[in-house]
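>>> this is a predicted model, with the sequence first.
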Amino acid sequence: MHQHALKRSLTAFAATFALCSPLEANMWNTEDLPVVLTPARLKQNRSEVPASVSVIDRDMIIASGLSKIPELFRLIPGTSVGARDGWNYVVSYHGTNYRDSRRMQVLIDGRSVYQSGLATVDWNDIPITIQDIERIEVVRGPSSASYGANAFLGVINIITRHPADLTKYEANAISGTENTENYRVSYADEFLNGTYRISLASLQDDGFDIDKNGNTRLDSQTSKLINSRFDTHVNDYAVSIGLGYKMGETTDDFADVDVTAPNIKTDDYYISSKIEKELSEVHQLTFRYNYSAQKQIREWTVEVPPFFIGLNNNPSSSVLADANENVVVNRQDIDLQDTFIWNKGLTTIAGIHLKKSRVSSETYYDDTLTSGNYQMFFNIEKSITENFTINAGGSYEYEEDIGKNFSPRIAALFHLTKNQSFRAIYSEAIRTPDLLETSANWSYKARNVRPALDGQTEGQLITRATGNPNLKPEKIESREIGYYGNFSQHHLQFDVKIFFDQLDQLISNSISLERFDPVNSGNLKQSGFETEIDFRPNHKWLIHTSYAYIKSKAYSNSDASFTSSTEESFTPKNSASVLISYRTDNNIQISLSQYYAKAIGTSQNKFSRSDMRLSKKIAFSNSEFEIYYNAQYRLDEDSELLSSNIYRNELRQFIGINLSY
């Protein structure tokens, strides 16, 4: 009781503290580059942040030659990336459960794309392209103290390109292996004392070629999208608005009972808005409202024995029936943040976040369900001496049917110089169970049964799965020490981290109809170290390297069923990446990259791939034309993540053009 009272008092104190008058004025824009925005919801020099953080900037995105957003995270130390299908990627810091992206918070310009109704991040249905991205910040460690329950293992914050930074017209095209055909055009201009950008794109590829038995895979994807961003100033307010829509179709492999293809047609759309008000040189308010929705239509025909769908009187040995996995989800988020610089050594942040989710599915829920959540957060950055800083924060969160939880974080930073620091961090975080885990009422209705007996054209699959309303939040305690150095005179950045994480009450068991058993049966210990180096001696060279060693041990303290490999197989013991790029005086750029992970996936395979990008830019008048060649060569003969994810060719090749004017 006293502990909960203390937590409530600390939260209330922080919220009140941030709304009082300042002791001493200090300008906003005094920080040195490079700065990051994500870890503490505050612009900070990387040597001052209370977390391990990595940045993928636009130069790295271009040099990598990658065309799929999830693959960019192979550049980040400790981050596991895999494809369950050609279009269904999973990205997770320190791996853990490979089946769904359930433990990472993913933001696009501050808007969460985590779908609580489906318990996942659907990377294929994010309505942006890789060309729309300016930079990505990855917080490598628990971040519930700033971003709430789903920032369990970390945060990925994708920041799109500002319209003012684009040329008026852009066109991009790429074609290559697996029938890849991607096209994008964008237009940017000025409007109402501001700037806007509109991007349209068409994306297509055939996914993996064959499964482990040599059968052709059906995991292609085609999609069309539009997104826009508008930034302006109205009086003393900075306003940013984003809109997007994506429609697409993915194919899926036939199961034993399928007669027609169980393909998925998806519509996604969103609106995001941010309003910033600088009340003074030291006081800023930020308000966000975001809305997103997704509609998935998956309808197909199956052939089953009639008793499978409860029609015991039907004399046929098998019947045809129509089934579906249709889902409609949406979420609304409201976020209010107050940032105050009290003096040169004290900054506070406090705010509140409200979320409402809604999901409707006849198959998964047999109903329409809603859930609500509110979060109060705070962060205090205090310089004790010129070389010693304490950063403390926390999040008090309440969710319907789950209850109240508090996630703290405290960091101590010792500054050798302004751009070099040692850090020691302790943090706790939670992941609250999703609607699918707590409230599923999962079964299939069979319609249009044929042949039918006595007009019995409908049935119900006799197998049913129900959620567990007694689930508790997953928990993590994380301890790390690290060092960050920015040697600007040498254009070199270096980061190293040693960590020990304890994960408890994990919901590890399968979320599938046949083996649906969501229980808090899993525990996991992870320890190891990570490092990354970014070296850019001049404008011609870009060198980025990363390495991670992770030791994982999963175990159970309960009598419930638990398979340790579920929480270990997506965490490679060793993983590394290297990206080297050089640009000549006549605008020829060659980039080489290498990605390595072992062991990873259900078969504990090795992932080893070498990529190359060769490009030539030609400038004329006010325009620029670029032609490039990308190649990806697998150095092993293993499948990717799952045993049935196989490309026939070791070498995948792509040719593309970029035009801007």
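Structure received.
>>> assign the residue lying farthest from the centre of the chain to helix, strand or coil.
Computed with CA atoms, centre = their mean, the residue of the chain farthest from its C-alpha average is Asp454, at 51.0 Å. Following DSSP: H, G, I helix; E, B strand; the rest coil, the label given to Asp454 is coil.
>>> who's in contact with the closest residue to it other than its chain neighbours?
Leaving aside its chain neighbours, Asp454 sits nearest to Asn313 (7.7 Å; criterion: CB to CB, 6 or more residues apart in numbering). C-beta: built from backbone N, CA, C; applies to glycine. Neighbouring residues of Asn313 by CB atoms under 8 Å, 6 or more residues apart in numbering: 453-454, 456.
>>> in CSV, list the residues you listed along with pLDDT.
Output for these, formatted as CSV (pLDDT from 0 to 100):
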residue, pLDDT
Leu453, 90
Asp454, 88
Gln456, 93
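>>> now these in JSON lines, with distance to Lys382?
Shown next, in JSON lines, are those (distance: CB to CB, whole Å):
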{"residue": "Leu453", "distance to Lys382": "76"}
{"residue": "Asp454", "distance to Lys382": "77"}
{"residue": "Gln456", "distance to Lys382": "72"}
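>>> how much space separates Met60 from Ile580?
For Met60, the distance to Ile580 equals 11 Å [CB to CB, to the nearest Å].
>>> these two: which has the busier surroundings?
Between Met60 and Ile580, Met60 has the larger neighbour count (other CB atoms under 10 Å), namely 21 against 16.
>>> any idea which element the more buried one lies in?
According to DSSP states H and E, Met60 maps onto helix 58-64.
>>> and that helix, which residues are buried?
Buried residues in helix 58-64, counted by 16 or more other CB atoms under 10 Å: 59-64.
>>> likewise for stretch 172-186?
By neighbour count on 16+ other CB under 10 Å, the buried set for stretch 172-186 is 172, 174, 176-178, 180, 182-184, 186.
>>> again with stretch 586-606
Residues 589, 591-602, 605-606 are the ones in stretch 586-606 that count as buried (16+ other CB under 10 Å).
>>> and if you look at stretch 512-528?
513, 516-524, 526, 528.
>>> swap in stretch 226-243?
Residues of stretch 226-243 classed as buried: 227-232, 238, 240-243 (neighbour count, 16+ other CB under 10 Å).
>>> now swap in stretch 182-198 and tell me
182-184, 186-188, 194-198.
>>> hey, where'd the helices end up in this protein?
Under the criterion DSSP state H, the chain carries helices at the ranges 2-17, 58-64, 144-147, 435-439, 564-568.
>>> mind giving me the packing neighbours of the third one?
In this structure, helix 144-147 makes packing contacts with strand 367-385, strand 388-399, strand 403-417, strand 420-431, judged by 3 or more CB pairs under 8 Å, 6 or more residues apart in numbering; DSSP states H and E.
>>> point out where this structure drops to low pLDDT.
When residues are selected by pLDDT under 70, those of the chain lie in 1-33.
>>> taking the centroid of it, which residue is nearest it?
Val106 (3.5 Å).
>>> contacts only, for that residue.
91, 112-114, 121, 155-156, 158.
>>> swap in 6 Å and give it another go.
Residues near Val106 by CB atoms under 6 Å, 6 or more residues apart in numbering: 113, 121, 156.
>>> now do Phe377
By CB under 6 Å, 6+ apart, the contact set of Phe377 is 351, 395.
>>> for it, give its distance to Ser112.
14 Å.
>>> do Ile174 as well
29 Å.
>>> so for Ile136, what's the nearest residue that isn't a sequence neighbour?
Spatial nearest neighbour of Ile136, chain neighbours left out: Ile56 (4.3 Å); criterion: CB to CB, 6+ apart.
>>> ok, that neighbour - contacts?
Contacts of Ile56 by CB under 6 Å, 6+ apart are 72, 75, 136.
>>> repeat that for Ser577.
74-75, 546, 595.
>>> likewise Leu153?
93-94, 103-104.
>>> same check on Lys382?
Contacts of Lys382 (CB under 6 Å, 6+ apart): 346, 390.
>>> how does it look with 10 Å?
By CB atoms under 10 Å, 6 or more residues apart in numbering, the contact set of Lys382 is 342, 345-348, 388-392.
>>> roughly how far does it sit from Gly141?
21 Å.
>>> repeat for Thr301
According to CB to CB, Thr301 stands 47 Å off from Gly141.
>>> the two: who's more crowded?
Counting neighbours by other CB under 10 Å for Thr301 and for Gly141 shows that Gly141 has the greater number, 29 against 16.
>>> let me see the contact set for the residue nearest to Pro451 when sequence neighbours are not counted.
Computed as CB to CB, 6+ apart, the closest residue to Pro451 that is not its neighbour in sequence is Ser316, at 5.7 Å. Contact partners of Ser316, counting by CB under 10 Å, 6+ apart, are 305-306, 449-453.
>>> counting neighbours, which of these end up buried?
Neighbour-count burial (16+ other CB under 10 Å) applied to those gives 306, 449, 452.
>>> closest to Gln632 out of the residues you listed?
Val449 (47.0 Å; CB to CB).
>>> the closest one against Phe308, yeah?
No - in this structure, Val449 is not within contact of Phe308 by CB atoms under 10 Å, at 11.1 Å.
>>> what touches both of those two?
Counting by CB under 10 Å, 6+ apart, the residues touching both Val449 and Phe308 are 319, 321, 459.
>>> tell me how far the first one lies from Asn312.
To tie it back to what came earlier, the one meant is Val319. Applying CB to CB, the value for Val319 to Asn312 is 12 Å.
>>> got it, and the second one?
Note on Ala321: its distance to Asn312, by CB to CB, is 15 Å.
>>> of the two, who's got more company?
Neighbour totals were compared for Ala321 and Asn312, and Ala321 leads with 27 against 10 (other CB under 10 Å).
>>> nearest residue to the more buried one in space, please, no chain neighbours.
Excluding the flanking residues, the one nearest Ala321 by CB to CB, 6+ apart is Ala446, at 3.6 Å.
>>> can you check Arg58 too?
Distance criterion CB to CB, 6+ apart; nearest residue to Arg58, sequence neighbours excluded, is Glu134 at 5.6 Å.
>>> let me see the contact set for the one you found.
For Glu134, the contact set (CB under 10 Å, 6+ apart) comprises 57-58, 61, 109, 158-162, 165-166.
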